[in-house]
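# Sharing a model prediction with you, sequence too.
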Amino acid sequence: MFLANKLKLPQREVALKGRPERMIVPSRHRVLDVPLDADFPGMQTALFAMGCFWGAEKQFWSLPGVVSTAAGYSAGFTPNPTYKEVWSGGTGHAETVRIMFDPAKLSYNELLTVFWENHDPTQGMRQGNDVGTQYRSGIYPVDAEQRRLAEASRDAYQARLSQAGYEDITTEIADATDFFFAEDQHQQYLARNPNGYCGLGGTGITCAVGLKVGTHRV
């Protein structure tokens, strides 16, 4: 039923049921060598969806001030979904990267710069050749300040994109709900598979909301 229209989000009442059990994930981050599923006192959280989470996660793990990253699923209805369920279009989730960062070393605005510059936020339910609701662009603020900054950056970047002839930004900005870890094979995928698939591609239009990080390409 869901595969027939992967460009349309399901309604909550017909979404896949999921399960109460959490996904089993590696104990350590393969690049940063920190606990993957842990809280970090004093650190802040950012949640971004930019298309395939393999390439999206790699954009962030090398930034100074990033403590940990993880691939997972957000903004849907199904608890603890599998990749196959998300891919079917039946959960409502977007492939999402969770970033734990030190606000004394890296600002949320700098993370927004990396987000906007490293994918095309005007493509709707797709990113490049990856088509489906799970590949949509999204920012999931964890508090009111993050939402304010996200909306301001969207408006500023829209002006830059419009000048360059791009269509309207389709990025959804919705308050963060649950983040569900993806399976082991998706965590830090491009660290284990350096020549693996990455479907991300930016517009080439710079975003001025962050100053220290600037354009970040990996």
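Nice, thanks for sending it over. Residues are numbered from 1 along each chain as shown.
# longest helix anywhere in the chain?
helix 144-163 (DSSP state H).
# Return the distance of that helix from the chain's centre.
Averaging C-alpha positions (C-alpha atoms, centre = their mean, to the nearest Å) puts helix 144-163 16 Å from its chain's average.
# Mind listing residues that contact it?
46, 108-109, 112-113, 116, 121-122, 139, 141, 167-169, 171, 173, 175, 203, 205-209 (C-beta atoms under 8 Å, 6 or more residues apart in numbering). In short, each C-beta sits where N, CA and C put it, glycine included.
# where does the chain have low pLDDT?
Low-confidence segments of the chain (pLDDT under 70): 1-4, 210-218.
# Check the secondary structure at the residue nearest the centre of the chain for me.
Centrality entry for the chain: nearest residue to the mean C-alpha point is A49, 2.4 Å, by C-alpha atoms, centre = their mean. Classification of A49 by DSSP: H, G, I helix; E, B strand; the rest coil places it in strand.
# what does the one 5 residues further on give?
Judged by three-state DSSP, the three-state class of W54 is helix.
# tell me the contacts of the nearest residue to it once chain neighbours are set aside?
Leaving aside its sequence neighbours, W54 sits nearest to Y189 (C-beta to C-beta, 6 or more residues apart in numbering; 4.2 Å). Y189 sits next to W54, E57, A71, G196 when contact means C-beta under 8 Å, 6+ apart.
# Tell me how far Y189 lies from G128.
Between Y189 and G128 the computed distance is 17 Å (C-beta to C-beta, to the nearest Å).
# mind listing the strands for this protein?
In the chain, the strands defined using DSSP state E lie at 44-50, 66-74, 94-101, 126-127, 130-131, 137-139, 172-173, 179-181.
# Select, out of the ones you listed, the one closest to V34.
strand 66-74 (5.1 Å; C-beta to C-beta).
# How far does the closest one sit from its chain's centre?
The answer for strand 66-74 is 8 Å, by C-alpha atoms, centre = their mean.
# Which elements pack onto that strand?
Under the contact criterion of 3 or more C-beta pairs under 8 Å, 6 or more residues apart in numbering; DSSP states H and E, strand 66-74 touches helix 53-61, strand 94-101, strand 179-181.
# Sheet partners, orientation included, of it?
Here the strand partners of strand 66-74, with direction, are listed using DSSP bridges: strand 94-101 (antiparallel), strand 179-181 (antiparallel).
# Distance to G76 and mean neighbour count for those - can I get that in a markdown table?
Formatted as a markdown table, the strands paired with strand 66-74 follow (distance: least, C-beta to C-beta, whole Å; neighbours: other C-beta atoms under 10 Å):
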| stretch | distance to G76 | mean neighbour count |
| --- | --- | --- |
| strand 94-101 | 7 | 26 |
| strand 179-181 | 8 | 20 |
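# Dump these to CSV, plus distance to I24.
Listed next are the strands paired with strand 66-74 as CSV, based on distance: least, C-beta to C-beta, whole Å:
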stretch, distance to I24
strand 94-101, 17
strand 179-181, 9
